[in-house]
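> Got a sequence here, can you model it:
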Amino acid sequence: VGLVVVLGIVDDSVLKVPLTARRIFETVDGATRIYAMPFTTSSTMWQLSFPASEDDARRLSKDTSTLKDEIVRRCAQWHDPIPELLRSTPLDCMSGYPVYDRELLEPDVLRRKYGNGVTLTPQRRVTLIGDAAHPMTPFKAQGANQALSDAVLLADTLVEHVQKFGPIEGLDAALPVFEKKMLSRSNKMVIGSRAKAKEMHSALALQPARKAQRETGL
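Numbers count the residues shown, from 1 in each chain. As a prediction, this is how the structure comes out:
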């Protein structure tokens with residue numbers, strides 16, 4: 001997945017179309033997507049995204065003015081109030097960044113296999129959770145959820161194994177168990193998030209099934 005994601009906050013005074021004022025709305029054209037929602041009682045937050053190589057995404061993200069010119073150009077013929085919404089967003093209320101995820105991790109990548117009776121060194125009693133272990137695109141809205149689930153699973157696994165084996169042996173036993181369970185769950189979300197990112201920025205986003213999904217949330 002290679003995308004640019006641009007975030008912005010704009011005053012609601014530019015949203016003069018009743019159907020979009022103080023409401024969530026989404027528009028897609030098969031490549032570019034914008035999603036907007038109320039941010040405060042007087043402002044709207046929007047997220048715009050489109051495919052780009054990692055090099056192009058990094059280049060655009062370094063210069064907010066260039067980035068703004070690009071998204072205004074892309075959406076110049078879109079329905080109101082999108083062109084004005086983008087033009088009216090101050091540069092200091094905009095940011096952009098490349099979006100990409102890594103190949104799926106396997107437990108052996110996080111933890112070297114040790115034979116029976118081998119104790120981990122203190123330097124190896126470290127693990128990863130959240131985006132550090134399984135970065136994913138934002139289009140399935142699961143990044144924070146998975147990080148919270150990781151934290152709960154890690155705590156539960158540590159308590160179980162420390163109570164059973166003691167503080168040192170328990171920690172050594174807990175981390176590989178936690179990592180295997182964490183990656184089994186989170187890797188499914190990474191794959192789903194990757195698929196969702198591709199769908200939202202392709203012709204699939206224009207299909208009736210996609211429209212029904214947007215309307216029902218299913």
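
> Tell me where the protein has helices.
Per DSSP state H, the chain carries helices over the ranges 54-62, 64-74, 82-88, 107-110, 143-165, 167-200, 208-216.

> got the contact list for Arg185?
Listed by C-beta atoms under 8 Å, 6 or more residues apart in numbering, the contact partners of Arg185 are 146, 149. All C-beta spots, glycine's among them, are computed from the backbone N, C-alpha and C.

> Give me the number of neighbouring residues for the closest residue to Arg22 other than its chain neighbours.
Distance criterion C-beta to C-beta, 6 or more residues apart in numbering; nearest residue to Arg22, sequence neighbours excluded, is Pro38 at 5.5 Å. Neighbourhood size, Pro38 [other C-beta atoms under 10 Å]: 15.

> again with Leu48
26.

> contacting residues around it?
By C-beta under 8 Å, 6+ apart, the neighbours of Leu48 are 5-6, 8, 32-35, 71, 75, 86.

> Try it again at 6 Å.
Applying C-beta atoms under 6 Å, 6 or more residues apart in numbering, one finds that Leu48 lies in contact with 6, 34, 71.

> Let me know the distance separating the first one from Val17.
Between Val6 and Val17 the distance, using C-beta to C-beta, to the nearest Å, works out to 21 Å.

> Wait, Val99 touches Val5, no?
Yes: with contact defined as C-beta atoms under 6 Å, Val99 reaches Val5; the gap is 5.0 Å.

> Got the domain ranges for this protein?
As given by automatic domain parsing, the domain ranges for the chain are 3-100, 107-198.
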